[in-house]
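> sequence first, then the predicted structure:
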Amino acid sequence: MTTPILTLSLFELCVAMIGALATSLCALTYFRRVRIERPAIGTFNGRDIGILFVFLVTLPTLYLLLPRWALTGFLALTFLASLSIGFRPLFSPGPLWLGIGVLLGANIWIARTMLGTVAGWQLFWAENSVVVLLGAVAVANLYVQGGMKLRHVAWFALLLAGYDLAFTAVVPVTNDLAQEFLGFPLDPSMGMRMGFDNASIGLGDLLVYALFTVAAYKAYGRVGASTALGLVAVFGAALPALAPLLINFVDARTDVLVPAQTWFGPAAFLGYRWLRHRYGRERTTQEFLATLAPQQMPAAVPAHVVAAPAPQPAPLEPTVSR
Amino acid sequence: MFETGIRQLRMAFGMAWGYRVNPRNVERLVEDALATLAEFGEPGADVGQLTEGPLSDPEARRHFAATGMRRTARRLAARSPFYARRFAAADVHPDRLDPADLASIPVTIKRDLIREPRAFLCPDAPPHLATRTTGTTGRPAEIWMSRYEMSLWPALGALGGVLRDDLRPDDVMQVNISSRATAAVHLDVAGCRLVGVGCRVIGMIPPDEALDALADTDGGATLLSTSPSYLGELETAARRRGLGPADFRLRRIDVGGEILSPSLAAAARETFGVPRVADSFGMTEVLPVSGRTCSQGHLHHDINLGLVEYLDLDTGAPAAPGALATVVITPFYPYRDCMPVFRYDTRDMVRRLPDDDLTCEVSGLPATGPILGKADHLLRTGPGRAVTPRELIEAVESLPTRPWPARFRATAEDGRVRLTVPEAAIDGFGHAAALRHFAERGLDVDLSLVPDEEAAALRPLRCDLRETTFVARPALIGA
């Protein structure tokens, strides 16, 4: 028995809306309260976005080529790194590593032992969603606190719009990936199960929503954040979830896969252009921090981020010859 | 962010493995540092690792020094005719060279450089720019530098300058050092270019003209690079003209190459309205190794670019804390490649400080007291008793007559210091009061006077390397 498309769409709407807004709001809260230590030199620029995009384009191919054990190991390493960097300012090393170990260990254990029932699936999705949400919050803050601007996020989302459409409609890499991850540990998506149906939203989409919201808040304050959250809710969650009511996205396996960035990317870019037109150039991190009242200033907690080996420059001295 | 990390890695690998550092890579890091400051207003928290180096651990420091020294010795044995000969004579094998064996290699002195300069040139690093020492301490030596060195050093300096907030893109630097000091001028100009700082090289022109440029509150300099003696002339001229902090935009004064006395530094701070006069150590022969004075007055040599030894003046062995020592420097390859020196004895005297007692902002680096003067100018007034040039300069420059820059001649006679100063130095203060002034500073002085017009002949100063202009004729300032 197949579930009616309307029911499926409403289910997907709930999952996508909760996932997108929860991730964006958590990332925003983190941004307002926690400071990740950044390296001595370095801020995001346009070329970094290019590097990030190339990485993102090649990563799915890698995922599909890797054997299952290697893929799980790779995902575990990715989550381990993002969670440890993102939450080191909040927890001392003991509780931090214990917490990460429990989260990832439980995920692998549930995925291997409890997916025979709907309740097992629901437990897996709930636990997996927490891991993915925390990972997205950490990485979004790492990038925005590292100097990523709203302009960068907007261009990134626009590039992803094309990418998402191409790799869903033309080359079905996204479809293969969704199938590859489903039911295995550390699925990089937030989701839930209802009866026989799973609804999920990918980590990449959630990361872009969180980046856009946090960068908009840094750039334009409350008005920026409100605009971003509105765009995320409408173009990142609602429209992709409800699109199957109008457009046939059913693939050969009867899965419904909607390229969410294709909806969100152009809207995010136009939203950025409107904010820029309406409120002028975006604020730098320095200018943003200057607007915070002293009690709002996030504590600068050492994150012990692994830094690149340090060069050792000489001071510029008036080297007067003797 | 990502590409900055890759650049830092490239630079760090080059340094760790002894490859040539790509100057363009360092220049791009300067751009990255400027972008970082534009976005965040300050560098990240671990900036100390970049500006001071990661060598606060003594064991890491020893390992780094031994590796750098062996790498440098290996290259010199293969490329430098002078050192190939010297190492062979000392039966030194660079691969097995241990810091403890360094004493077997005689120090290089200025006379070596003057006697056979070509023997120091390495054929794989074509000479590009020659610079001469000024000769204030004897016959000048000529040092050649390669294009690589003249690209790398300003890039390294600019990176450090930006990260320490010594250089900002909206700064204007006025350079009042001898225009013939080509390396020093080039470093200032190229460093400013990389950061986007305005640079006004006007040389050692008459102080009033330099002051006119400084006192332009619209486009006047925010940074001044000069020598202590010329600063003394500027200070004297500014006081004569009644100029004060409101007449200048300066935020920093850098001096080097001579001894800066506390009294002149305090006066300059007051007149020019700067929080501190940065007294740095720089010497053409041992570039790019330099030294900075911290807020507590210690001199910290840069041990990331070279090996710095403090050798006891009497024994030549490593000096104990508190003992008078001469500073011996070996710039490491790959930072110096055209005309490198190994164990160059600068003859600059310092007193070493115990490492554990340091509490200053650069306590990770070893420190000495300030430069006390050239070892050859030390006056031995008796067994175990000696008077350093710094003691004399500080004593003369703290006279109430404000005789800046200090001009004097000093010799040791019968256990006393025979000090000759121009008449203006004690004018209105009195001979007896002057003797008491020196005695209060522990100097048993036999004081004699010369007419003011003979003052310049008493002691050569950098400010005497005067460059004339058509605006004003040179005039002697100071007493």
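Perfect, thanks for sending it.
> list the contacts for the nearest residue to residue B:102 once chain neighbours are set aside?
Closest residue to residue B:102 apart from its sequence neighbours, by C-beta to C-beta, 6 or more residues apart in numbering or on different chains: residue B:343 at 6.7 Å. All C-beta atoms are positioned from the backbone trio N, CA, C, and that covers glycine. Contacts for residue B:343 (C-beta atoms under 8 Å, 6 or more residues apart in numbering or on different chains) come out as B:102, B:105-108, B:309, B:328-330.
> and those residues, which is closest to chain A?
Distance to chain A across the contacts of residue B:343 (C-beta to the nearest C-beta) is lowest for residue B:329, with 12.3 Å.
> which residue sits closest to that closest one, ignoring its sequence neighbours?
residue B:286 (4.1 Å).
> you'd agree the one you found is up against residue B:328?
No - counting by C-beta atoms under 8 Å, residue B:286 stays clear of residue B:328, with 9.2 Å between them.
> for these two, indicate the residue with more neighbours.
Using other C-beta atoms under 10 Å in any protein chain shown, the more surrounded residue of residue B:286 and residue B:328 is residue B:286, with 29 against 23.
> mind listing the helices for the chain?
Going with chain A. With helices called from DSSP state H, chain A shows them at A:5-33, A:46-65, A:68-87, A:93-113, A:118-145, A:150-165, A:173-181, A:203-231, A:239-242, A:260-279, A:285-291.
> that answer is for a different chain, and I need it for chain B
Going by DSSP H, chain B shows helices at B:2-17, B:23-40, B:47-52, B:58-79, B:81-89, B:110-115, B:147-163, B:182-195, B:207-214, B:228-240, B:262-272, B:389-397, B:431-440.
> which helices and strands sit right next to the longest one?
Secondary structure elements in contact with helix B:58-79, counted by 3 or more C-beta pairs under 8 Å, 6 or more residues apart in numbering or on different chains; DSSP states H and E, are helix B:81-89, strand B:306-312, strand B:324-331.
> can you redo these as CSV with mean pLDDT and distance to residue B:298?
Below are those laid out as CSV (pLDDT from 0 to 100; distance: least, C-beta to C-beta, whole Å):
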stretch, mean pLDDT, distance to residue B:298
helix B:81-89, 92, 32
strand B:306-312, 92, 13
strand B:324-331, 94, 14
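> need the winner for burial among these.
Highest mean neighbour count among those (mean count of other C-beta atoms under 10 Å in any protein chain shown): strand B:324-331, with a mean of 24.
> coming back round to it: which of the helices of chain B has the highest mean neighbour count?
Highest mean neighbour count of the helices of chain B: helix B:147-163, a mean of 25 (counted as mean count of other C-beta under 10 Å).
> how about that one and chain A, touching?
Yes - shown here: helix B:147-163 in contact with chain A (C-beta under 8 Å from any C-beta of the partner chain) through B:153-154, B:156-161, B:163.
> now tabulate those in a markdown table and tack on distance to residue B:275 and pLDDT.
Shown next, in a markdown table, are those (distance: C-beta to C-beta, whole Å; pLDDT from 0 to 100):
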| residue | distance to residue B:275 | pLDDT |
| --- | --- | --- |
| B:153 | 27 | 93 |
| B:154 | 26 | 93 |
| B:156 | 25 | 91 |
| B:157 | 21 | 90 |
| B:158 | 22 | 93 |
| B:159 | 23 | 91 |
| B:160 | 19 | 88 |
| B:161 | 17 | 90 |
| B:163 | 19 | 89 |
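> any idea which of these is closest to chain A?
Nearest member of these to chain A, counting by C-beta to the nearest C-beta, is residue B:157, at 3.2 Å.
> right, and the closest one touches residue B:191 too?
Yes - counting by C-beta under 8 Å, residue B:191 is a contact partner of residue B:157 at 4.9 Å.
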